[in-house]
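# heads up, no residue letters with this:
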Ligand SMILES: *Cc1c(COP(=O)(O)O)cnc(C)c1O
């Protein structure tokens with residue numbers, strides 16, 4: 001795949017690394033590629049970061065046919081730029097594509113285009129502890145047409161955003177709110193893919209959690225409203241009686257790459273891990289009998305997010321005295337050591353952007 005490159009005439013000044021937040025600043029260049037049924041994916045190009053001009057009838061704006069990914073580039077102490085399991089993001093993007101009737105991309109070619117973009121933007125990968133360059137690949141339906149159906153044309157693009165350390169004032173447990181009224185996904189729906197509408201659909205419950213003083217929503221299954229699914233945009237783990245338990249992938253849970261990494265690391269440490277259904281009643285019961293040792297979320301943004309409190313109906317469970325548990329700490333350290341190249345990971349997990 002021959003990628004044409006147009007360099008920006010003026011480069012933006014780099015931000016102060018100590019004041020980076022999430023998703024507010026973007027780099028100088030972006031990757032773009034288009035699709036139509038005659039050419040397939042065509043015209044791959046790296047260009048100055050710029051607005052996309054759209055017809056007001058563009059399908060994605062009306063019917064939400066859009067999928068995306070989220071991953072990060074990390075700067076190692078040796079000044080290498082590293083990606084963490086990026087092949088998994090490419091594979092998941094294609095699973096999302098299939099479910100949303102979007103044409104699949106060539107995973108290897110897109111990964112290589114991302115590497116080229118990162119080489120051009122390497123100065124944007126910050127080096128302060130915990131910072132990284134967030135990578136957002138996305139595909140949107142672009143036919144200017146109001147009929148409901150599958151679009152014929154698409155735009156794929158990748159934008160990059162330098163992000164600050166998730167934990168600025170130390171590893172801070174979050175408080176989560178179990179929503180009884182709302183559900184995120186149902187069997188047969190689109191909960192297991194990263195499609196735009198899932199996030200719009202989650203906002204109302206999130207707002208309810210925030211109004212009640214909680215940071216995130218814990219979702220129960222959409223049928224019985226009994227089994228735990230995930231938290232906000234993170235997967236969730238419970239440590240009960242020394243066993244690490246996470247909901248099995250039911251079809252309505254997003255299969256997180258961090259989740260899979262935690263499971264693999266736990267297994268390699270010889271820790272007992274269970275992927276199975278876990279009900280909110282089991283969690284309440286374990287808490288009441290003093291066997292609920294830890295709860296933590298997993299996802300690219302925070303890596304590991306310890307949970308200090310879970311509120312269900314009018315009961316509040318304080319977990320591990322609201323402190324960070326040893327497993328959360330262990331997985332956070334192990335994963336970040338691998339991501340920043342401080343320690344080797346399993347084969348193929350760390351992919352350097354050479355060059
Ligand atoms: C992206 C996402 C996750 C976490 O996936 P990672 O690959 O670990 O970043 C979990 N749940 C939802 C709903 C998500 O969108």
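Structure's in. What do you need? Here the structure is a predicted model, which is why all the values come from computation and not from measurement.

# got any ranges where this structure has weak pLDDT?
Within the chain, the segments meeting pLDDT under 70 span 169, 355.

# again, only this time at 90
Counting by pLDDT under 90, the ranges of the chain that qualify are 1, 165-172, 232, 250, 354-355.

# Contact residues of it facing the ligand?
The chain has residues 70, 194, 230, 233-235, 254, 256-259, 298-300 near the ligand, with proximity defined as C-beta under 6 Å from any ligand atom. (Each C-beta comes from the backbone N, C-alpha and C, glycine too.)

# In TSV, list these along with secondary structure.
Converted to TSV, those look like this (DSSP: H, G, I helix; E, B strand; the rest coil):
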residue	secondary structure
70	coil
194	coil
230	strand
233	coil
234	strand
235	strand
254	coil
256	coil
257	helix
258	helix
259	helix
298	strand
299	strand
300	coil
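
# and the gap between the residue in the stretch 1-150 of the chain that the ligand sits nearest to and residue 188?
Distance from the ligand to each residue of the stretch 1-150 of the chain (C-beta to the nearest ligand atom) is smallest for residue 70, at 5.7 Å. Distance, residue 70 to residue 188, by C-beta to C-beta, to the nearest Å: 25 Å.

# Also residue 109?
To residue 188, residue 109 is 32 Å away according to C-beta to C-beta.

# The two - which one has more neighbours?
Just comparing residue 109 and residue 188: by other C-beta atoms under 10 Å the higher neighbour count belongs to residue 109, 15 against 9.

# Spell out which helix or strand contains that one, please.
helix 107-120 (DSSP states H and E).

# So which bits of that helix are buried?
110, 111, 113, 114, 115, 116, 117, 118, 120 (16 or more other C-beta atoms under 10 Å).

# try stretch 347-355
Buried residues in stretch 347-355, counted by 16+ other C-beta under 10 Å: 349, 350, 351, 353.

# what sits up against it?
73, 80-87, 115, 118-119, 122, 261, 338-339, 341, 344 (C-beta atoms under 8 Å, 6 or more residues apart in numbering).

# Would you state the helices of this structure in chain order?
Using DSSP state H, the helices assigned to the chain run over residues 59-63, 86-99, 107-120, 196-211, 257-268, 280-288, 326-339.

# burial measure for the closest residue to residue 325 other than its chain neighbours, as a count.
Take residue 325 and drop its neighbours on the chain: the residue closest to it by C-beta to C-beta, 6 or more residues apart in numbering is residue 294, 3.4 Å away. Around residue 294 there are 21 other residues, counting by other C-beta under 10 Å.

# does residue 294 really touch residue 306, like I thought?
Yes: counting by C-beta atoms under 8 Å, residue 294 does reach residue 306; the two are 7.3 Å apart.

# joint contacts of those two?
The contact lists of residue 294 and residue 306 share 320, 325, 328, where a contact means C-beta under 8 Å, 6+ apart.

# Which residue comes closest to the first one once chain neighbours are left out?
The spatial neighbour of residue 320 that comes closest, neighbours along the chain excluded (C-beta to C-beta, 6+ apart), is residue 294 at 5.5 Å.

# hey, what's that neighbour bridged with?
Beta-bridge pairing for residue 294 (DSSP bridges): residue 239.

# For residue 301, see how far away residue 197 is.
20 Å.

# circling back: of the contacts of stretch 347-355, select the buried ones using a ChimeraX command.
Applied in ChimeraX, the following selects the buried portion of the contacts of stretch 347-355 according to 16+ other C-beta under 10 Å:
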select :73,80,81,82,83,84,85,86,115,118,122,261,338,339,341
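
# can you pull the contacts of residue 309?
Residue 309 touches 173, 175, 176, 214, 316, 317, 318, 319, 322, counting by C-beta under 8 Å, 6+ apart.

# Pull the number of nearby residues for the fifth one.
With neighbours defined by other C-beta under 10 Å, the count for residue 316 comes to 12.

# Would you mind measuring from the residue lying closest to it once chain neighbours are set aside to residue 156?
Leaving aside its sequence neighbours, residue 316 sits nearest to residue 309 (C-beta to C-beta, 6+ apart; 5.9 Å). Going from residue 309 to residue 156 by C-beta to C-beta gives 41 Å.
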